[in-house]
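[1] here is a sequence together with a model predicted from it:
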Amino acid sequence: MAASPSRILIISLRRIGDLLLTTPVIRSVRRAWPEAEIDVLVFDATAGIIAGNPDIDHVLTMPQRPTAVESLRLIRHVWRSYDVAVSTQSGDRPMVFAFAAGRHRIGVTTDTDPWLARALKRVALHRAVPAAEKLHRVEQNLRLADALDIPRIPELVCPAAAQAMPVAINGKYAVVHAAPMFTYKEWTPDGWRAVAVGLANRGLSIVAIGGPGESERRYLENVWRGVCEFHQLEWPQTMKLLSGARIYVGPDTSTTHLAAAAGCPTVALFGPMDPRVWGPWPVGGLAAPWLASGTVQNQGNVWIVQNPLPCMPCTFEGCERNIRSRSVCLDELKPEQVITAIDQALA
């Protein structure tokens, strides 16, 4: 690897929250080589979460399910164009793009691959970083900085905020995001309404938000009917809201990760997913790993709330193990427990 690479490609073909958790390794690369051109390859649907990121020169995008022609066209476009290519995941597709793009290649590998895939990846990579179980995703990504022999910068970098406030607000307010992407991360409408009452009783206006999309609109209509209006926002608008919020409350979503990264006091409702791996990353990083389960955990500006049943964290997609099933641990989570965390965050 060149001592001072001039062009670097970082590959993160994951969901929105995963891409946000990649920004610390991007920042580490930027601080190590401030004169380098740093490009990032992502899915086109996730690019908004890194819009305006000052550490990135260019964002290359691709469809989540590209055709063979689209993949070959991208391979041709990036072929040996970079001094260094970094794959932040162990999948075959990001590894192929890393091999195509970089003269020097670093990536994540896993022992769960078939032996032939493991052998090919060892040949394709100059340095391999083994994937570790129960390790926070930010920590896993920062091991790529170790492999590059550069200092770690454990800072999440948020997208640029809008100039204007997207919602008219008087006084102190709380941002509540009730709509995860999948059913197995949903809390109950009654729970969200009770939290809204609790926040109002504490002198806060409620700003209920969600992302764009018809299915999310229908879900939020059901949750907030007769309680408050809700607003479907893009990332810059959400960032502007978070910058002035007294508190944020939400489930295990990319918006919750964003709230934590923005420095907002963040109350995160966790169900089957493992906070040791996916817990929101507070400003300043983690003093110690999150616990696998607990009633209320706090580090920095983040409070994680769980209903610690004996099966948690199962890491399954709901009790029926599919994205449309519900999770008993969340269905039985009491509003009083969430409000306890809210009071701690407000204090």
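    Great, that's in hand.
[2] pull the helix or strand with minimum mean pLDDT from this protein.
    Scoring the helices and strands of the chain by mean pLDDT, DSSP states H and E places helix 115-124 at the bottom, with a mean of 81.
[3] which residues does that helix contact?
    With contacts defined as CB atoms under 8 Å, 6 or more residues apart in numbering, helix 115-124 is touched by 90, 92, 95, 98-99, 105, 107, 109, 111, 113, 128. (C-beta placed from N, C-alpha, C; glycine too.)
[4] using TSV, lay out these together with distance to residue 217.
    Listed next are these as TSV, based on distance: CB to CB, whole Å:
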residue	distance to residue 217
90	36
92	36
95	38
98	38
99	42
105	43
107	39
109	41
111	43
113	40
128	44
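[5] buried ones from those residues, can you make that a ChimeraX selection?
    The following ChimeraX line selects those of the contacts of helix 115-124 that are buried, judged by 16 or more other CB atoms under 10 Å:
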select :90,95,98,99,105,107,109,113,128
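[6] which members of the contacts of helix 115-124 are positioned in helices?
    Residues of the contacts of helix 115-124 located in helices (DSSP state H): 92, 95, 98-99.
[7] redo the residues you listed as JSON lines? Include distance to residue 68 and pLDDT.
    As requested, the ones in helices among the contacts of helix 115-124 are exported to JSON lines (distance: CB to CB, whole Å; pLDDT from 0 to 100):
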{"residue": "92", "distance to residue 68": "14", "pLDDT": "89"}
{"residue": "95", "distance to residue 68": "17", "pLDDT": "92"}
{"residue": "98", "distance to residue 68": "19", "pLDDT": "96"}
{"residue": "99", "distance to residue 68": "17", "pLDDT": "95"}
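[8] residues in contact with residue 227?
    Residue 227 is in contact with 193, 196, 206, 208, counting by CB under 8 Å, 6+ apart.
[9] now, which of the ones in helices among the contacts of helix 115-124 sits nearest residue 282?
    Of all the ones in helices among the contacts of helix 115-124, residue 282 sits closest to residue 98, with 30.5 Å by CB to CB.
[10] contacts only, for the closest one.
    Residue 98 makes contact with 9, 11, 85-87, 105-107, 124-125 under the criterion CB under 8 Å, 6+ apart.
[11] at which residues are the strands of the chain located?
    Secondary structure of the chain (DSSP state E): strands at 7-11, 37-43, 58-62, 82-87, 102-109, 127-130, 173-177, 205-210, 230-232, 247-251, 266-269, 296-299, 302-305.
[12] format the ones you listed as JSON lines; extra columns: distance to residue 239 and mean pLDDT.
    Putting the strands of the chain into JSON lines (distance: least, CB to CB, whole Å; pLDDT from 0 to 100) gives the following:
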{"stretch": "strand 7-11", "distance to residue 239": "22", "mean pLDDT": "98"}
{"stretch": "strand 37-43", "distance to residue 239": "18", "mean pLDDT": "98"}
{"stretch": "strand 58-62", "distance to residue 239": "17", "mean pLDDT": "98"}
{"stretch": "strand 82-87", "distance to residue 239": "26", "mean pLDDT": "97"}
{"stretch": "strand 102-109", "distance to residue 239": "29", "mean pLDDT": "95"}
{"stretch": "strand 127-130", "distance to residue 239": "31", "mean pLDDT": "92"}
{"stretch": "strand 173-177", "distance to residue 239": "11", "mean pLDDT": "98"}
{"stretch": "strand 205-210", "distance to residue 239": "11", "mean pLDDT": "97"}
{"stretch": "strand 230-232", "distance to residue 239": "14", "mean pLDDT": "96"}
{"stretch": "strand 247-251", "distance to residue 239": "12", "mean pLDDT": "98"}
{"stretch": "strand 266-269", "distance to residue 239": "14", "mean pLDDT": "98"}
{"stretch": "strand 296-299", "distance to residue 239": "22", "mean pLDDT": "98"}
{"stretch": "strand 302-305", "distance to residue 239": "17", "mean pLDDT": "98"}
